[in-house]
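Asker: A structural model of the following input is requested.
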Amino acid sequence: MLTNDYFYVTTYTNNNLIIDTTDPINVVASRATFFLTCSGRCRTCLSSNSSICSSCYIDNTGVLPNITYGGFSIMTSDFQCVDVCGIGFFLASGNCTQCASPCQTCSALNQCNSCVSGFFYISTNIITDRCKSICPDGYFANTVSRTCDLCSSSCFKCNVSSNLCIACNGTSYLSGTQCIPSCPDGTFENTLSNTCSTCDVGCLSTCGVNQFDCTACKSGYLR
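Answerer: Modelled structure (predicted):
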């Protein structure tokens, strides 16, 4: 492992006279300085593989102050020096640590800010349970933003958008894709399913508590 980001070279003549010592008081300052050739933005790297960093620069450090890679002080899990952690990682103790699945991005191990494909982010859940494969009742899966978005207040469940209801709460009834307070003619308020169910074919216009409870009959039908 390399321990410095530079080294000195002193040149001698064939009779051992130092050629490049121009300052007899400060010999080190007069030597030729060579920087190590680590790949990327490593401060130090493995001698066996220059692309694997063993340490990163701290701000404004190195042989040439303010010129070295001072902003790239974070070590990734694959031993590279970066200025910010990439998608799927968060910064912890100077290192990029991988988020726990199913987080796509996170602020801590299990604190998701967005979710991987196949999961939907729900901001109202506790911070450690915000990526869901199925959105809970009252929400629909927004496939564009990959979030669980709220249904309209009248919907108990909805699909595709907030106003396309597929189930209603206890005070309204599903008619098509809408939750309404009372059912239209030709249907009755089915309290078991909270839907507007169709009256029997013999009913003239409306029915009561079930499909056969016609308030009036069509011609040719009897109650």
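Asker: Can you identify the strand in this protein that spans the most residues?
Answerer: strand 49-56 (DSSP state E).
Asker: in it, what counts as buried?
Answerer: Applying a neighbour-count criterion of 16 or more other Cβ atoms under 10 Å, one finds 52, 53, 54, 55, 56 buried in strand 49-56. For every residue, glycine as well, the C-beta is placed using N, CA and C.
Asker: what helices or strands is the next helix or strand after it leaning on?
Answerer: Note on strand 49-56: by DSSP states H and E, the next helix or strand toward the C-terminus is strand 74-75. Contact here means 3 or more Cβ pairs under 8 Å, 6 or more residues apart in numbering; DSSP states H and E; on that basis strand 74-75 packs against strand 49-56, strand 81-82, strand 95-98.
Asker: just how off-centre is strand 74-75 within its chain?
Answerer: Offset of strand 74-75 from its chain centre (Cα atoms, centre = their mean, to the nearest Å): 21 Å.
Asker: same question, stretch 142-160
Answerer: Relative to its chain's centre, stretch 142-160 lies at 19 Å (Cα atoms, centre = their mean).
Asker: what's the burial count for residue 219?
Answerer: 6 (other Cβ atoms under 10 Å).
Asker: cool, and residue 214?
Answerer: Neighbour count for residue 214, taken as other Cβ under 10 Å: 22.
Asker: Domain map for this protein?
Answerer: Here the domain parsing of the chain from automatic domain parsing is 1-74, 170-223.
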